[in-house]
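> sharing a model prediction with you, sequence too.
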Amino acid sequence: MKSKKITLQLPMSIFMLVIVVLGCFAITYFSGVKPIFYLILIPAIFLTVQITALFHEFGHYLATKKSGFEVYYFKFSCFTVDKYGNKRFKISFFNKHLGEMRFYPKEDGRYSQNLERSLKGGLKGNLIVAVILNVCLALSLIGVFGQVASLYVSVALSFSPYALYALLINAIPWFHPENDGSQIKRLKDSEEERQAIDNLYAIQKQLFDGKTYEEIPIGYFNVGASVSEDVKTFLTVYALRRAIESGDLSTADIIANALESQNFSEEEIFYELLYWYVLSENEQKINEYSSILSFTSNTNEPVVFRALLSYAKYRKDEDYFNVAKPTAIKVCKETRLNKGDALYNLKLIERL
């Protein structure tokens, strides 16, 4: 039954979106405006999508702030605010997502409950914008704004049902295994998921307070079998770092093999595994993972520096190693955000 749902969810969401688009054109057609005013649809569709995404992300933001987390990175459309970046405010027109937010816990405890509140905040934002846009659309269709104005307002708001579509796609667990609704459902249904989330944020809290992985009690790194893939992957990476830092190479090898069997796309995990395979002198894996270096876009991250330096040493590239190592040490010492992780990277870089 599960595989059937996964197979159907993409066609179903596409079908819903097609219905929304057809409804948009139907409203425009039956409104009676002249065809030249169909051009209003171009900015109308763009603005509806942007406004819907803004309410969703801002709902997450407000709920996250109220839940004891510190939001240090907020991206919407082409705008990015990065509290600890080299530039606090950036504009970029080549973003993968309409919105993105990164945060860490400032207060101890209740992490899984606070995360649930944060997730619900995005859904509340979706609900608010869906109600506002579609109520205004309904009022314009019945002529509340006057005969002429209602015609053009109905065209301008004709894509408003998209906000309802976005709400359903985000809220119903059936549509996507990692949407807000799915994560909320897992937190409600699974004690293992709640415990894993509590462990994950407890580790992050201690890292941001300046502890390294080895200094954090090992019990926080345990993860249950039924935990969601993303949470399991992060805890596994943290466990690998703890084993490497403490010099427990046999455990690190077991964890690295377990990590390989998981699905991940985060670049930092590739760098971590490359470092481990250089450390363990696994030539086959080194050749496999070194390809990530050709896609390196941000060499100012401590984990990237560590991978580059370890690979340079493996290749006996002394010139690069001698020039880059002091810079890497400086970057680690000057890191303001994740101090514990920076200290961990500094410790391993100084061992090279």
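Yep, it's here.

> what comes up buried for stretch 295-313?
Residues of stretch 295-313 classed as buried: Glu301, Pro302, Val303, Val304, Phe305, Arg306, Ala307, Leu308, Leu309, Ser310, Tyr311, Ala312 (neighbour count, 16 or more other C-beta atoms under 10 Å). Bear in mind the C-beta positions are built from the backbone N, C-alpha and C, glycine included.

> CA atoms only for it, dumped as CSV, please.
Extracted in CSV, the C-alpha atoms of stretch 295-313 (Å, rounded to 0.1, in the frame of the first residue of the first chain):
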residue,chain,number,x,y,z
PHE,A,295,32.1,21.0,-7.5
THR,A,296,33.4,22.8,-4.4
SER,A,297,31.8,26.2,-4.3
ASN,A,298,32.5,27.4,-0.7
THR,A,299,36.0,26.6,0.5
ASN,A,300,35.5,28.7,3.6
GLU,A,301,33.6,25.9,5.4
PRO,A,302,35.9,24.1,7.9
VAL,A,303,34.7,20.6,6.7
VAL,A,304,35.6,21.5,3.1
PHE,A,305,39.0,22.8,4.1
ARG,A,306,39.6,19.6,6.1
ALA,A,307,38.7,17.4,3.1
LEU,A,308,40.8,19.5,0.7
LEU,A,309,43.8,19.4,3.1
SER,A,310,43.6,15.6,3.7
TYR,A,311,43.3,14.9,0.0
ALA,A,312,46.2,17.3,-0.8
LYS,A,313,48.3,15.4,1.7
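
> average pLDDT for it, rounded please.
Regarding stretch 295-313, the rounded mean pLDDT is 84.

> repeat that for stretch 43-58.
92.

> and it, what's buried?
Here stretch 43-58 shows Ala44, Thr48, Val49, Ile51, Thr52, Ala53, Leu54, Phe55, His56, Glu57, Phe58 as buried, counting by 16+ other C-beta under 10 Å.

> how about stretch 12-19?
Within stretch 12-19, the residues scored as buried using 16+ other C-beta under 10 Å are Ser13, Met16.

> quick one: contacts of it?
Outside of stretch 12-19, the residues within contact range by C-beta atoms under 8 Å, 6 or more residues apart in numbering are Tyr162, Tyr165, Leu168, Ile169, Phe175.

> the last one and Ile169 touch, don't they?
What it means is Phe175. Yes - the criterion here is C-beta atoms under 8 Å, and Phe175 meets it with Ile169 at 5.3 Å.

> wait, Lys106 touches Val71, no?
No - judged on C-beta under 8 Å, Lys106 makes no contact with Val71 at a distance of 10.1 Å.

> buried set for stretch 252-270?
Neighbour counts over stretch 252-270 (16+ other C-beta under 10 Å) mark Ala252, Asp253, Ile255, Ala256, Leu259, Phe264, Glu267, Ile269, Phe270 as buried.

> contacting residues around the closest residue in space to Arg110 that isn't next to it in sequence?
In space, and not counting its chain neighbours, Arg110 is closest to Gly68: 7.4 Å by C-beta to C-beta, 6 or more residues apart in numbering. Contacts for Gly68 (C-beta under 8 Å, 6+ apart) come out as Pro105, Lys106, Glu107, Arg110, Asn114.
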